[in-house]
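K.L.:
curious how this folds, go ahead:
(one chain, ligands or ions: 3)
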Amino acid sequence: MKLIKYPSRTEWAEILKRPSLDTENLFDTVRSIIDRVKDEGDRAVKEYEAVFDKVELSNIVVTEEEWTEGIANVGEELKAAITLAKKNIETFHAAQRFTGQKVETMPGVTCWQKAVAIEKVGLYIPGGTAPLFSTVLMLAVPAKIAGCQEVVLCTPPGKNGKVHPAVLFAAQLAGVDRIFKVGGVQAIAAMAYGTESVPKVYKIFGPGNQYVTAAKQLVSLRDVAIDMPAGPSEVEVLADASANPVFVAADLLSQAEHGVDSQAMLVTTSEDLLLEVVEEVERQLIELPRWEIAAKSLSNSKLILVRDMKEALELTNEYAPEHLIVETESHTEVAERVVNAGSVFLGSYSPESAGDYASGTNHTLPTNGYAKAYSGVSLDSFIRKITFQEILPEGIAAIGPSIEIMAANEQLDAHKNAVSVRLEKIDNKKLK
Ligand SMILES: NC(=O)c1ccc[n+]([C@@H]2O[C@H](COP(=O)([O-])OP(=O)(O)OC[C@H]3O[C@@H](n4cnc5c(N)ncnc54)[C@H](O)[C@@H]3O)[C@@H](O)[C@H]2O)c1
Ligand SMILES: N[C@H](CO)Cc1c[nH]c[nH+]1
Ligand SMILES: [Zn+2]
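P.N.:
Ligands and ions are numbered 1, 2, ... in the order given. From the prediction side, this is the model:
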């Protein structure tokens, strides 16, 4: 981890850079995979599964038997944990239901919005280095609450050609309709364009590595909607001298272990804390089964000492982390001043892992600074709001003359006419 003391503002851009693959080549590679899947369907999908996931598949559909057999391998303890998490995620997302109000903008002019679920959605569940069955809940639970009619899921199979049993269990619990053994770019392309097996969907959701994220961005340019760019995980801990270095180190490592391109940052006003965290990270790292991945990702990570909390917050808002843990004396006050972050965790007993699994919030969040403009997945991500209006004769009489003047000035006479013919009818009735 790089230790940086009192950086000047001119250094910020360099310090806050995310680790990334060579973008030029990344997009070229991804584009060529998408094109082949679009043209050749299942055949190309199977070929890419052999290349990237090292598995020869005769059928990419998870059958009823595979589903049942897989679920039977999930232990009761894990089932109970997943069930508890699902309940909290459901409670939090159900509370986000939209209740549109009818608004009378003028007498006789009523406008309102109605939430309507996206009919066909595709969920991507990462599985390159860890089977993220928690992500199934994060995506399928709000999809079902929203009322999506067709919920399909793609995830990379293991080397045995099977989907992880806990992914199958979570999918069944949350109400997923169909599962396909497809990962990476080929999964995104299959859901964007459809293949013989995988249906084309209207919107694709889910996190993934840089290949998956680039694929989502490319297909969304023209052909399908996506939730947001949810790439390699990030966490920033914003801490002062009151923070517990053991907790801080554990939180940094919890995201560092996701992948070699994850990033963990500490921004602190306390040099003592910073030094204690360095020692603690080293101590905890060697105990981790995924220490090699975490160690690589820590080489992208920074511990930054700043002059005061004002500067800490400015740096944080510029970084716009996916996750922000605030471990300071007055965390409520500090949190009030956070404007750019995906999900914020307050106080010593709110580890980021809680949001990853079971507190109820969604863990599919914008990375790479996109938190400046995007929200994480929520119930809203699965609906559209259609506007309605009903205008009575007295309403068109009230707004019609203004519409006529505006349309005439935009030189759009047909628009004006659509109002004029109605106003004339109303006038004629009055004359009679
Ligand atoms: N932002 C979020 O909300 C969020 C949530 C959970 C996980 N994540 C991130 O998701 C990622 C999961 O990554 P992962 O790799 O474990 O799983 P993944 O499922 O995203 O990617 C695995 C797939 O990548 C493809 N791939 C690998 N190397 C490739 C190459 N050279 N060319 C083309 N395709 C290639 C393969 O098809 C493989 O199936 C991690 O970076 C993690 O941090 C983010
Ligand atoms: N931290 C990830 C989001 O960046 C989500 C996750 C799933 N499992 C564990 N963590
Ligand atoms: Zn995580």
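K.L.:
do you know how far the closest residue to ligand 1 within the chain is from ligand 2?
P.N.:
Closest contact between the chain and ligand 1, by Cβ to the nearest ligand atom, is at residue 184 (2.2 Å). In this view, the C-beta of every residue, glycine as well, is placed from N, C-alpha and C. Residue 184 sits at a distance of 17 Å from ligand 2 (criterion: Cβ to the nearest ligand atom, to the nearest Å).
K.L.:
list the contacts for that residue?
P.N.:
Taking Cβ atoms under 8 Å, 6 or more residues apart in numbering as the contact definition, residue 184 lies against 33, 48, 52-53, 128, 156, 208-209, 211-212, 215.
K.L.:
now do residue 4
P.N.:
Contacts of residue 4 (Cβ under 8 Å, 6+ apart): 11, 15, 302-305.
K.L.:
which ones among the contacts of residue 184 come in contact with ligand 1?
P.N.:
Applying Cβ under 6 Å from any ligand atom to those, one finds that 52-53, 128, 156, 208-209, 211-212 fall near ligand 1.
K.L.:
just name the closest of those residues to ligand 2, please.
P.N.:
residue 208 (10.6 Å).
K.L.:
can you name the residue of the stretch 151-300 of the chain nearest to ligand 2?
P.N.:
residue 233 (3.4 Å).
K.L.:
tell me where this structure has strands.
P.N.:
2-5, 103-106, 109-117, 120-124, 150-155, 178-181, 203-205, 225-226, 234-239, 263-268, 302-305, 323-327, 343-346, 383-391 (DSSP state E).
K.L.:
which residues are contacting the third one?
P.N.:
Contacts to strand 109-117, defined as Cβ under 8 Å, 6+ apart, come from residues 97-98, 100-105, 146-149, 382-392, 395, 398-399.
K.L.:
tilt between it and strand 383-391?
P.N.:
With axes from the mean of the first three to the mean of the last three Cα atoms, to 10 degrees defining the directions, strand 109-117 sits at 160 degrees from strand 383-391.
K.L.:
what mean pLDDT does strand 109-117 get?
P.N.:
Strand 109-117 shows a mean pLDDT of 97.
K.L.:
try stretch 266-285
P.N.:
Averaging pLDDT along stretch 266-285 yields 98.
K.L.:
contacts for that stretch?
P.N.:
1, 3, 5, 236-241, 243, 245-246, 248-250, 252-253, 291, 294-295, 298, 302-309, 312, 315-316.
K.L.:
and residue 136, how far is that from ligand 2?
P.N.:
10 Å.
K.L.:
ugh, wrong one, I meant residue 394
P.N.:
In terms of Cβ to the nearest ligand atom, residue 394 sits 54 Å off from ligand 2.
K.L.:
next: residue 98.
P.N.:
Counting by Cβ to the nearest ligand atom, the gap from residue 98 to ligand 2 is 25 Å.
K.L.:
now list the buried members of the contacts of residue 4.
P.N.:
302-305 (16 or more other Cβ atoms under 10 Å).
K.L.:
nearest to ligand 2, out of these: which one, please.
P.N.:
Among those, and counting by Cβ to the nearest ligand atom, the member closest to ligand 2 is residue 302, at 18.1 Å.
K.L.:
and whichever residue of the stretch 301-432 of the chain sits closest to ligand 2, what does it touch?
P.N.:
Going by Cβ to the nearest ligand atom, ligand 2 is nearest to residue 356 of the stretch 301-432 of the chain, at 3.6 Å. Residue 356 is in contact with 134, 254, 363, counting by Cβ under 8 Å, 6+ apart.
K.L.:
and the pLDDT at it?
P.N.:
The model's pLDDT for residue 356 equals 98.
K.L.:
what does stretch 49-62 rub up against?
P.N.:
Residues from elsewhere that reach stretch 49-62, judged by Cβ under 8 Å, 6+ apart: 42, 45-46, 156-161, 163, 168, 178-184, 186, 197-198.
K.L.:
which of these are buried?
P.N.:
Buried, going by 16+ other Cβ under 10 Å: 42, 45-46, 156-157, 161, 163, 168, 178-184, 186, 197-198, out of the contacts of stretch 49-62.
K.L.:
show me the domain layout of this structure.
P.N.:
As given by automatic domain parsing, the domain ranges for the chain are 23-228+380-384, 232-375, 392-431.
K.L.:
make JSON lines out of the buried ones among the contacts of residue 4 and add distance to ligand 2.
P.N.:
Below are the buried ones among the contacts of residue 4 laid out as JSON lines (distance: Cβ to the nearest ligand atom, whole Å):
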{"residue": "302", "distance to ligand 2": "18"}
{"residue": "303", "distance to ligand 2": "20"}
{"residue": "304", "distance to ligand 2": "21"}
{"residue": "305", "distance to ligand 2": "26"}
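K.L.:
just the buried ones among the contacts of strand 109-117, please.
P.N.:
The buried subset of these - by 16+ other Cβ under 10 Å - is 146, 148, 382-383, 391, 395, 398.
K.L.:
from those, which land in helices?
P.N.:
146, 395, 398 (DSSP state H).
K.L.:
so residue 375 makes contact with residue 366?
P.N.:
Yes. In this structure, residue 375 is within contact of residue 366 by Cβ atoms under 8 Å, at 7.4 Å.
K.L.:
residues that sit against both of the two, list them.
P.N.:
With Cβ under 8 Å, 6+ apart as the test, residue 375 and residue 366 both reach 228, 342.
K.L.:
residue numbers of this protein in contact with ligand 1?
P.N.:
So the chain meets ligand 1 at 29, 52-53, 126-130, 132, 135, 156, 183-185, 207-209, 211-212, 230-233, 258-259, 262, 322, 363-365, 367 (Cβ under 6 Å from any ligand atom).
K.L.:
select only the buried ones of these in PyMOL?
P.N.:
Buried residues within the residues of the chain next to ligand 1, by 16+ other Cβ under 10 Å, are selected in PyMOL with:
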select buried, resi 29+52+53+126+127+128+132+135+156+183+184+185+207+208+209+211+212+230+231+232+233+258+259+262+322+363+364+365+367
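K.L.:
re the thing from before, quick one: least confident of the ones next to ligand 1 among the contacts of residue 184?
P.N.:
Confidence-wise, residue 128 trails the rest of the ones next to ligand 1 among the contacts of residue 184, at 79.
K.L.:
not counting sequence-adjacent ones, nearest residue to residue 241?
P.N.:
Using Cβ to Cβ, 6 or more residues apart in numbering and skipping residues adjacent in sequence, the residue nearest residue 241 is residue 270, 3.9 Å away.
K.L.:
I'm done for today, thanks for sticking with me.
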